[in-house]
Structures are given as structure tokens and as C-alpha cells.
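Trainee: Kindly generate the corresponding structure for this input.
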Amino acid sequence: MWKTALFLMFTLITVPVVTFMYDEPLTELQWSTLSTLLWVYGIAAGLSFLVGSLTDNYSQVDKLWSIIPVPYVWIVAVDAEFESRIVLMAILVTIWAIRLTYNFGRRGGYSWKFWTGDEDYRWEILRAKPGFEQNWKWHLFNLVFICAYQMGLILLFTLPALKAMGSDNPLNWIDYVLAVIIVLLVVMEFFADQQQYDYQEKKYALKAKGEMDDFHKVGFTHTGLWAYMRHPNYTAEQSIWIVFYVFSVVATGHWINWSIAGSLLLVLLFKGSSDFSESITKEKYPLYERYLNEVGRFLPIKRKFKV
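Mentor: Numbering: from 1, shown residues only. Below you'll find the predicted structure:
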């Protein structure tokens, strides 16, 4: 895991730098706005590390994942004096944020004691693995990967809004098509999360009563969208931010610009995250091995899973 974390940190630094070197320089206004965003990032990452270390709950970044993109994009919108394209992008991020925050909250992610709430089960499993025997190593991992990397990634995948600032290309029909696609992807993510939520809630309710049926003995969500993709929610999430990047393409007229770094790194993160989650699930549920072989990870490229 250390190798993966260090590789991701390396990409977090090098990918934006390399792409930035081969792109047009930022305007004075963009530099000023980026400076503000970096301050927000630094404070958020620092507080996440501090609160997580003091409370032994290392899901502080998870609490902010769906929230902090909203101030990022609206800061850009304010500095851009509410350019129509930036406002549209900010509205779309807000829609995405409301849905994802609701989903995280209903699973126990938030509490009136803001430092508590449900912790990602993977952190406890990871902490028990070789390499984290000494407490300082885990705190370093928390600082470098959980807080600095993940919070940095959140900032990066919202930066197409900054790149689109001050564009000479006015809002047009392509922007509206992109907006519709993002809304449809948010709907897809809603259905994927709802199917998973319903299955898991029913499974644990039956387990508590000692009345487990064959459908829920499988252990993992395997119907609906999940019969065609192992992670339909991840598919939608990655796609949303890839499409969000395309707004900057429309604004600049160039297919590649430095703000692509965020969506590229997000794809890498979800690859690693799904690898880790699947390794845990495979150990818990016998049928998951067959599910891995029969169903595509992010795309419906194999066949429908049937028990």
C-alpha cells in the first residue's frame, strides 16, 4: 500500500506540473483565484489531519469529499464575475454535491459531533496490515495520502472551472449538452447507490433477525446496475468529472489542457480503491470470485451476472 500511496503522490505533483508546462500560462486573475483555492485546500487538509489524529476517525476527508468542491467552484464563479459558463459549472457541481452528501449522510457519515460519524471500514483493515505496525507510520500515511493527496485531488478535478475562466468562446449548445450528460450521470449514480443501500440495509436487517434468504446470502449487491458493472457508482463518478473537464475544452478550443490532471488522477484513484475493496470482498463472499470473472469493473463489457 505504501508503494501505491507514494506513486499516487508522485503523480499528484508531476502530472499537473508536466501538463501545465505545455499549456498557456494562467492570467493574473486565474493566478489570484488559484492562490485562494490553495489556501482553502491547505486549511481543509490540515484540519482533516488534525481532527483525524485527535479522534482516531480517519474519514474526515470523506466528510468533505462531496462538500468542498462547492466552495471551490463558487469562488471561481465569484472571481469570474459570474460568467455564464462558470455559473453553469458551479450549479452542476452543487447538484452533484447535494446528492452525494445525502447518500453519505444517510449511511451515518455525519454526526452533530462533527469529528465523529461512520469511518470507512477499509482504514481499519489497512491499518492492521504489515507496514503500519508503528503508530507514526499510520499518522504519516494519514497526512500524506488520506489528507494531502485526496484533498489535493478534489481541488484538481474542480480546476477545469478555473481554466474556463475568461474564455473568449461564449456559452453554447455544447455546454448545455455536457450539462445534460452530467445530470444523467448523477441520476445513474443515485440509482446505483440506492440499489446498494437497499440491498445492504435488507441484508443486515435479515441477519439481525436470523432470517437470511438466499438472495441476501450472496453478500454483495449483484442486481440492477450491479449485474452489469461491479462499480456502477464509480463509473458515474469518474464520468462526471471527465465530462466536467470537457467544459474547459469547449472554453479554450483545445482538447488537452493542464486541468485534465484531476480527472486522470481520479481514474487512477478509483482503480486502486476498487482493487482494495474487491480484495476484501473476495475474502468475505465465495461467489465474488465468479462475479469478478463475469462482470466488468467499470463498463458493461462482459455479461450480466446471474446467481
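Trainee: Which residues does stretch 242-258 contact?
Mentor: Stretch 242-258 is contacted from outside by 16, 19-20, 22-24, 85, 89, 92-93, 157-158, 160-161, 163-164, 167, 169, 172, 174-175, 178, 181-182, 185, 259-260, 262-263, 267, using C-beta atoms under 8 Å, 6 or more residues apart in numbering. Glycine gets a C-beta too; all of them are placed from N, C-alpha and C.
Trainee: actually stretch 59-76, sorry about that
Mentor: Stretch 59-76 is touched from outside by 33, 36-37, 40, 44, 47-49, 51-52, 86, 89-90, 93-94, 96-97, 100-101, 104, 109-110, 114-115, 117-120, 123, 146-147, 150-151, 154-155, 157-158, 161-162, 165, with contacts defined as C-beta under 8 Å, 6+ apart.
Trainee: Please name the residues that touch Met151.
Mentor: Met151 makes contact with Tyr41, Ala44, Ala45, Ser48, Val61, Leu64, Ile68, according to C-beta under 8 Å, 6+ apart.
Trainee: Now flag whichever of those residues is closest to Phe298.
Mentor: Closest to Phe298 out of these is Val61 (22.4 Å), distances taken as C-beta to C-beta.
Trainee: where does the closest one land in three-state SS?
Mentor: With DSSP: H, G, I helix; E, B strand; the rest coil as the basis, Val61 sits in helix.
Trainee: Tell me who's in contact with Leu47.
Mentor: Neighbouring residues of Leu47 by C-beta under 8 Å, 6+ apart: Gln60.
Trainee: any low-confidence regions in this structure?
Mentor: Low-confidence segments of the chain (pLDDT under 70): 1-22, 115, 133, 307.
Trainee: thinking again about what came up before, restricted to helices, list the contacts of Met151.
Mentor: With DSSP state H as the criterion, helices contain Tyr41, Ala44, Ala45, Ser48, Val61, Leu64 from among those.
Trainee: Could you measure from the second one over to Ala148?
Mentor: In this structure, Ala44 and Ala148 are separated by 11 Å, where distance is defined by C-beta to C-beta, to the nearest Å.
Trainee: Ok, the fifth one next?
Mentor: From Val61 across to Ala148, the span is 10 Å (C-beta to C-beta).
Trainee: what about the two, which has more around it?
Mentor: A count of neighbours by other C-beta atoms under 10 Å puts Val61 above the other of Val61 and Ala148, at 24 against 20.
Trainee: can you give me the helices for this structure?
Mentor: Under DSSP H, the chain gives helices at 2-21, 28-55, 60-65, 69-79, 84-106, 121-127, 135-141, 150-158, 160-164, 173-209, 214-217, 232-252, 261-284, 288-294.
Trainee: With only the CA atoms kept, save the fourth one in CSV.
Mentor: Once non-C-alpha atoms are left out, helix 69-79 reads as follows in CSV (Å, rounded to 0.1, in the frame of the first residue of the first chain):
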residue,chain,number,x,y,z
PRO,A,69,-15.9,21.2,-4.4
VAL,A,70,-18.9,23.6,-4.0
PRO,A,71,-16.9,26.5,-2.4
TYR,A,72,-14.1,25.8,-4.9
VAL,A,73,-16.3,26.3,-8.0
TRP,A,74,-18.2,29.2,-6.5
ILE,A,75,-15.0,31.0,-5.6
VAL,A,76,-14.1,30.7,-9.2
ALA,A,77,-17.6,31.9,-10.2
VAL,A,78,-17.3,35.0,-8.0
ASP,A,79,-13.8,35.9,-9.2
